[in-house]
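Colleague: Turn this into a structure:
(one chain, ligands or ions: 3)
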Amino acid sequence: MDVKAGAKRKAGVRAVGRALPHDSAPLHVSGTATYTDDIPEPQGLLHLAVGISGKAHARIRRLDLSAVLAAPGVVAVMTADDIPGENNCGPVVKDDPILAPGLVQYAGQAVFAVAAETVTDARRAAKLALVDYEELEAILDPLQAVARNSFVLPTETIRRGDSRKRIHAAAHKVKGRVRLGGQDQFYLEGQIAMALPREDGDLFVYSSTQHPGEVQHLVAHAIGKSSKDVVVECRRMGGAFGGKESQPALIACIAALMAQKTGRPCKLRLDRDDDMLMTGKRHDFVIDYEAGFDDSGRIDGIEFTFASRCGMSVDLSGAINDRTMFHCDNAYYLGDVTIVSHRCKTHTVSNTAFRGFGGPQGMFGIECVVDDIARHLGMDPLDVRRRNFYGIGERDTTQYLQKVEDNLIHDIVERLERTADYRKRAAAIREFNAGSRILKRGIALTPVKFGISFTATHLNQAGALLHVYTDGTVQLNHGGTEMGQGLFIKVAQVVAEELQIDIDRIKLMASDTSKVPNASATAASSGSDLNGKAAQAAARKIKRRMTRFAAEHFSVTVDDIEFIDNEVRIGGKRIPFAELAKLAWFARTSLSATGFYRTPKINYDRATFSGRPFFYFAYGAAVSEVIIDTRTGEHRLLRVDILHDCGLSLNPAIDRGQIEGGFVQGAGWLTSEELWWNEKGELRTHAPSTYKIPTSSDVPPEFHVTMLESAANREKTIYRSKAVGEPPLMLALSVFHALRDAIHSVDGCVRVPVLQAPATPEAVLNAISLQRGEGGRS
Ligand code: MTE
Ligand code: HPA
Ligand code: MOS
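Modeller: Ligands and ions are numbered 1, 2, ... in the order given. The predicted structure follows:
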């Protein structure tokens, strides 16, 4: 299964395409992988805690920190007034105060920071502040925000054709509203940063971040200095899932400001509850839709209105909601469309990136529409899905005018339908349900098409820095970050393949802003696409230099030189790679190189929402089968079959992990993870006791994951692979639709089911009650 791109070569090191374990696996399982909190603490380290707002929207009349300052172990306190530079950690717009400047806009917002000799001292002291609030009216819900014109950014619209007219003229219509919950990233390692003062007011910051460059930039601005004065390093994160794309800046800025103020190293590690209260999550949505379609279920015209909870500031909400608009087609040609996207300002935490980055929410919308259509017509939903797939050579233009050139969905769904035995099982389930009053089963097959590239074109660039030492070993730096997804091993595989050296000769270095500057966040699933290519470019540069040197030194032509299997063949003889490295060095050849890559072909005009935002699409499909207990609303996921497209996988073991993990994480989002705010705007689900992520026992007992074979990316990506980080999450839409299928059977498949997400037992019971015509929330 392993050798793909390397298969053409007869001999030599085969690194790319092999199912190698994660480079840190031995460290992970032995507990010796160093996360930020494991870095040996420097002498004089101060521990920080943050005092957070208890109100959703209020003016601070008076802030009395005298008891905080007088508490045992406390060394310093800090408020907005103590910030020498910009009081902002917003990644795009400067609307995110580091410390609230007299106005709080969500319960959980940082108001002040305290530094103490121990973590306990700091956390205890932070609770002693006396705050006099003048409460202001709070907007707590996206619909309330729409009604009040409360937006963080202007409403955007994509329009193609005349959807009104087409819906009006259509033979059939469905119309509905569905609520879709948010999701906490629930990385195992919480947000953390440690800042160390260096000479002349400079700072070195360890940050658990997907975006060291942004942390560097925002820290520099906060302390009133510039990028050159700050170095940010991250060896690895204990999970991020988008939650560390922009959010770490707040934590790092507080640590940096306090280090600057006290002249001592400072560490801020959030407690889990505070982490959940203070930092942004996946956007929850209210989705309104109306579609017109023909007797076969084919959509003629469709209208969506998306209202997302952005929270109190912009953060990444612009790009996230754009991605929702780009993905509310999923794999379907929509006909005439109007998509309206409201970016609602609410007095809740500012929502942020989460695996899929708004895409899953758009796809959720269209999958509900398609399922409604099937129920309306009494058809199998799979037939309606297939009826609406993008065509090949026809009906192949998205609502943003990108042509779908690499359509694999027909092939994937056809194969999966067969291998998962969909039709037979669907029939068996109908039979089971007819004879079972309390337990009902359901099945669904849903497709995934996900656009790969940052939608902000300029972010699609990457750099690498490679050093070859005279003993033939290599240090590899690139602009990406490791969060468990296996980016580092993939990039190392590329370098090993290029230089034809064993992978254990390559040391993966921490992400470091002083090694690779101006790197984009490791996000949009493009980590290996971008950094793999940048590292390849660096490796090829060094290889070229070594080749040229060898040709001259051994008086052969460059065509007589081949790097192969830890050696270099020079004419008729072979010498070890290390020996050539030493000879080249001796002859004063540079063995260090940078590499750079930018994604080709993409171009996109944000003003008109048209062009080619995505280099290519990643595809997949899943069949899920569930059983529900109609008395309790509980369900079990019985069996899942997945067929997913990884192109020519760089590492099938890593990719399998991404598919399995992404799917289970998506199932958690859609079934068990519920964020609940009370009427005061306080998040009451801020710990695992009340916020239920999936556990190992939620993994389906039958879980068949297959990767599409011989599926070289038609675009020239790194070794023709495809990005895999985010797309599998959306395979879990099949779980939600299997639940709808089970609920549908409750009244003998008469009414169109109305199920809100997450489909908690409560939501399922509510849907059952509606299905029986007994009323409930719709
Ligand atoms: N996998 C693990 N184990 N941990 C993570 O934090 N983040 C996901 C995905 N897979 C994540 C993960 C998200 S949101 C993205 S964008 C990609 O990994 C980022 O990495 P990549 O671009 O290298 O795939
Ligand atoms: N995906 C993830 N992160 C991003 C994007 C995107 O498309 N754009 C900006 N940050
Ligand atoms: Mo991933 S949501 O793009 O960090």
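
Colleague: and the closest residue to residue 536 other than its chain neighbours, what is it in contact with?
Modeller: Excluding the flanking residues, the one nearest residue 536 by CB to CB, 6 or more residues apart in numbering is residue 494, at 5.2 Å. Every C-beta, even on glycine, is put in place using the N, C-alpha and C of the backbone. Residue 494 makes contacts with 15-16, 532, 535-536, 539, 650, 718-719, as judged by CB atoms under 8 Å, 6 or more residues apart in numbering.

Colleague: Okay, residue 494 and residue 192: tell me how far apart.
Modeller: 30 Å (CB to CB, to the nearest Å).

Colleague: so which helix or strand takes in the residue nearest to residue 536?
Modeller: For residue 494, the host element (DSSP states H and E) is helix 487-499.

Colleague: That helix and ligand 3, are they touching?
Modeller: No. Judged by CB under 6 Å from any ligand atom, helix 487-499 and ligand 3 are separated, with a smallest distance of 11.6 Å.

Colleague: what's the following helix or strand after that helix?
Modeller: strand 506-508.

Colleague: So in that sheet, which strands flank that next one, and in what orientation?
Modeller: The pairing partners recorded for strand 506-508 under DSSP bridges are strand 474-478 (parallel).

Colleague: What are the buried residues along the strand it pairs with?
Modeller: Buried residues in strand 474-478, defined by neighbour count with 16 or more other CB atoms under 10 Å: 474, 476-478.

Colleague: Next, the angle helix 487-499 makes with it.
Modeller: Here the directions of strand 474-478 and helix 487-499 differ by 130 degrees (axes from the mean of the first three to the mean of the last three CA atoms, to 10 degrees).

Colleague: residue ranges of the strands in the stretch 501-650 of the chain, please?
Modeller: Remark: strands assigned in the stretch 501-650 of the chain by DSSP state E, counting those that start in this stretch are 506-508, 511-512, 561-564, 567-570, 573-576, 592-598, 603-605, 610-612, 616-629, 635-644.

Colleague: possible to save those strands as a markdown table with mean neighbour count, distance to ligand 3 and mean pLDDT?
Modeller: Shown next, in a markdown table, are the strands of the stretch 501-650 of the chain (neighbours: other CB atoms under 10 Å; distance: least, CB to the nearest ligand atom, whole Å; pLDDT from 0 to 100):
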| stretch | mean neighbour count | distance to ligand 3 | mean pLDDT |
| --- | --- | --- | --- |
| strand 506-508 | 21 | 20 | 98 |
| strand 511-512 | 25 | 14 | 98 |
| strand 561-564 | 18 | 35 | 98 |
| strand 567-570 | 20 | 40 | 98 |
| strand 573-576 | 13 | 41 | 97 |
| strand 592-598 | 17 | 18 | 98 |
| strand 603-605 | 14 | 17 | 93 |
| strand 610-612 | 17 | 19 | 96 |
| strand 616-629 | 26 | 13 | 98 |
| strand 635-644 | 23 | 17 | 98 |
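
Colleague: closest one to ligand 2 among the ones you listed?
Modeller: For the strands of the stretch 501-650 of the chain, distance to ligand 2 was read as CB to the nearest ligand atom. The smallest value, 11.0 Å, belongs to strand 603-605.

Colleague: Each with direction, which strands does the closest one pair with?
Modeller: Under the rule (DSSP bridges), strand 603-605 has strand 610-612 (antiparallel) as partners.

Colleague: Can you give me the separation between whichever residue of the stretch 51-200 of the chain sits closest to ligand 3 and residue 49?
Modeller: The stretch 51-200 of the chain approaches ligand 3 most closely through residue 185 (8.7 Å), counting by CB to the nearest ligand atom. Per CB to CB, residue 185 is found 21 Å from residue 49.

Colleague: cool, and residue 696?
Modeller: Per CB to CB, residue 696 is found 33 Å from residue 49.

Colleague: Quick check: residues of the stretch 151-300 of the chain near ligand 3?
Modeller: Selection of the stretch 151-300 of the chain residues close to ligand 3 by CB under 6 Å from any ligand atom yields 210, 242, 245.

Colleague: which SS state does the closest residue to ligand 1 within the stretch 351-500 of the chain fall under?
Modeller: Taking CB to the nearest ligand atom, ligand 1 has its nearest neighbour within the stretch 351-500 of the chain at residue 484, 3.0 Å off. Here residue 484 is recorded as coil under DSSP: H, G, I helix; E, B strand; the rest coil.

Colleague: pLDDT at the closest residue to it other than its chain neighbours, what is it?
Modeller: Spatial nearest neighbour of residue 484, excluding adjacent residues (CB to CB, 6+ apart): residue 239 at 5.6 Å. Residue 239 is assigned a predicted lDDT (pLDDT) of 98.

Colleague: Let me know whether residue 239 touches residue 187 as I believe.
Modeller: Yes. Taking contacts as CB atoms under 8 Å, residue 239 lies within contact range of residue 187: 3.3 Å.

Colleague: Give the residues shared as contacts by these two.
Modeller: In terms of CB under 8 Å, 6+ apart, residue 239 and residue 187 are both contacted by the residues residue 483.

Colleague: tell me which parts of the protein are close to ligand 3?
Modeller: Counting by CB under 6 Å from any ligand atom, the chain comes close to ligand 3 at 210, 242, 245, 353-355, 357, 523-524, 726.

Colleague: which one of those residues is nearest residue 756?
Modeller: The closest of the residues of the chain next to ligand 3 to residue 756 turns out to be residue 354 (CB to CB; 18.8 Å).

Colleague: do the helix or strand in which residue 446 is found and ligand 2 meet at all?
Modeller: Per DSSP H and E, residue 446 falls inside strand 439-452. No. Strand 439-452 lies out of reach of ligand 2 by CB under 6 Å from any ligand atom, never closer than 8.3 Å.

Colleague: what mean pLDDT does stretch 731-746 have?
Modeller: 99.

Colleague: Surely residue 453 and residue 600 touch.
Modeller: No. Look at residue 453 against residue 600 with CB under 8 Å: they stay out of range, at 10.5 Å.

Colleague: Need the overlap of contacts for those two.
Modeller: With CB under 8 Å, 6+ apart, residue 453 and residue 600 have common neighbours residue 615.

Colleague: related to what we said a few turns ago, now the strand holding residue 446 and strand 635-644, what's the angle there?
Modeller: Angle of strand 439-452 versus strand 635-644, following the same axes, to 10 degrees, is 30 degrees.

Colleague: how far is stretch 240-253 from where the chain is centred?
Modeller: A distance of 12 Å separates the centroid of the chain from that of stretch 240-253, by CA atoms, centre = their mean, to the nearest Å.
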